[in-house]
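Asker: Whatever this is, show me its structure:
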Amino acid sequence: MTDIDMNAKDFPEVFQTFDEAAIRNQRAHFRSMKCELVLLLAISIIGSLTWGPFVGLESSVLFVIAVLLVLVIVLAAFRCNRRFDHTWFACRAVAESVKPESWKYMMNVDP
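Answerer: Numbering: from 1, shown residues only. From the prediction side, this is the model:
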């Protein structure tokens, strides 16, 4: 008995297309979440520092925090609008449903 190793290139074009789309959307989803977390971490670090000795910098620090908050809101709105996670799950579902069907076709199994 021989082991059969199947790669993504061995599956039909439908699988390959949806698999690549799922991978792309997964990366975009996690990249946008990482950016949001980094911005929120920067806001919390800047906000936790004591700015008392630096007289006159309070307004510029508040401006930087406000800009970072606006960036977080824009990034969150973009992520919610693009719905990378929903597209990722949908593409993964299609790709995974093609696998058993292509296996049945290759093994010439009756429907």
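
Asker: three-state assignment of residue 50?
Answerer: Following DSSP: H, G, I helix; E, B strand; the rest coil, the label given to residue 50 is coil.

Asker: which residues of the protein fall in helices?
Answerer: Along the chain, counting by DSSP state H, helices occupy 13-48, 58-82, 84-106.

Asker: Compile those helices into CSV and extend it with columns for mean pLDDT and mean neighbour count.
Answerer: Glycine gets a C-beta too; all of them are placed from N, C-alpha and C. Shown next, in CSV, are the helices of the chain (pLDDT from 0 to 100; neighbours: other Cβ atoms under 10 Å):
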stretch, mean pLDDT, mean neighbour count
helix 13-48, 92, 15
helix 58-82, 90, 13
helix 84-106, 87, 15
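
Asker: list the contacts for the residue nearest the centre of the chain?
Answerer: Central residue of the chain (Cα atoms, centre = their mean): residue 29, 1.4 Å from the mean position. Applying Cβ atoms under 8 Å, 6 or more residues apart in numbering to residue 29 gives the contacts 79, 84-85, 88.

Asker: Residue 21 now?
Answerer: Contacts of residue 21 by Cβ under 8 Å, 6+ apart are 87, 91.

Asker: How much space separates it from residue 107?
Answerer: Between residue 21 and residue 107 the computed distance is 27 Å (Cβ to Cβ, to the nearest Å).

Asker: ok, now residue 40?
Answerer: 51 Å.

Asker: same deal with residue 92?
Answerer: Applying Cβ to Cβ to residue 92 and residue 107 gives a distance of 24 Å.

Asker: For residue 31, give its distance to residue 59.
Answerer: Taken as Cβ to Cβ, the span from residue 31 to residue 59 is 33 Å.

Asker: To clarify, my last question referred to residue 20.
Answerer: Going from residue 20 to residue 59 by Cβ to Cβ gives 48 Å.

Asker: what's residue 12 sitting at in phi/psi?
Answerer: Here is the backbone geometry of residue 12 (degrees, to the nearest 10): phi -60, psi 170.

Asker: thought it was touching residue 97?
Answerer: No - between residue 12 and residue 97 there is no contact under Cβ atoms under 8 Å: 11.8 Å.
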